[in-house]
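Asks: Generate coordinates for the sequence data below:
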Amino acid sequence: MTDLLAVPAQWVTLRTATEEGLPVVVLVDQAVVTTCPYGDHTVQVAVGVPYQAGDDGLPAAEELPRLKEMEQHLVNAAVGQGRLVAVMTLEGVREWTFYARGTGWTEPLKAVGLSVLETEDPSYQGLRELSGLA
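Replies: So this is what the prediction gives:
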């Protein structure tokens, strides 16, 4: 079995809308979706960050640099332990989804007040749902 951290990324953008008609944008690493699950990385970690939204619910232009910086910070925190597999943006919140070996790397994120949800998901059902394959 290939290691999750060694799979070359293949990002795709999926777009839909909320019931209210506001856009939902999901970036998914299709290479992981189509080859999962990975037995050593069974914990789904979701980190949510609110942002100032424009009228359409997506980030205002001035928020984009902060969100990009936050994403890089999260990816750096997960190095060697987990992999970013999806990014969902809607209604004033951006959520980064990782699959990881464990959760120790998330402790500093929680300590600074970030919203972190950790779920055992050995079948990668959460990722399959995000990608529309479930």
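Asks: any idea how far Thr35 is from the closest residue to Gly104 other than its chain neighbours?
Replies: Of all residues not flanking Gly104 in the chain, Gln81 sits nearest, at 7.3 Å (C-beta to C-beta, 6 or more residues apart in numbering). (C-beta placed from N, C-alpha, C; glycine too.) The gap separating Gln81 from Thr35 is 19 Å, by C-beta to C-beta, to the nearest Å.
Asks: Of the two, which one has the most company?
Replies: Taking Gln81 and Thr35 together and counting by other C-beta atoms under 10 Å, Gln81 has the greater number of neighbours (18 against 15).
Asks: In contact with that one, which residues are there?
Replies: Gln81 makes contacts with 100-102, 104-105, as judged by C-beta atoms under 8 Å, 6 or more residues apart in numbering.
Asks: where does the protein dip in pLDDT?
Replies: Scanning the chain for pLDDT under 70 picks out 1, 134.
Asks: ok, which stretches of it are helices?
Replies: 30-33, 64-78, 107-111, 125-131 (DSSP state H).
Asks: Could I get those in TSV, plus columns for distance to Leu58 and mean neighbour count?
Replies: TSV is the format used below for those (distance: least, C-beta to C-beta, whole Å; neighbours: other C-beta atoms under 10 Å):
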stretch	distance to Leu58	mean neighbour count
helix 30-33	22	18
helix 64-78	10	14
helix 107-111	24	12
helix 125-131	18	18
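Asks: Kindly reformat the ones you listed as TSV containing distance to Ala86.
Replies: As requested, the helices of the chain are arranged in TSV below (distance: least, C-beta to C-beta, whole Å):
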stretch	distance to Ala86
helix 30-33	8
helix 64-78	12
helix 107-111	17
helix 125-131	5
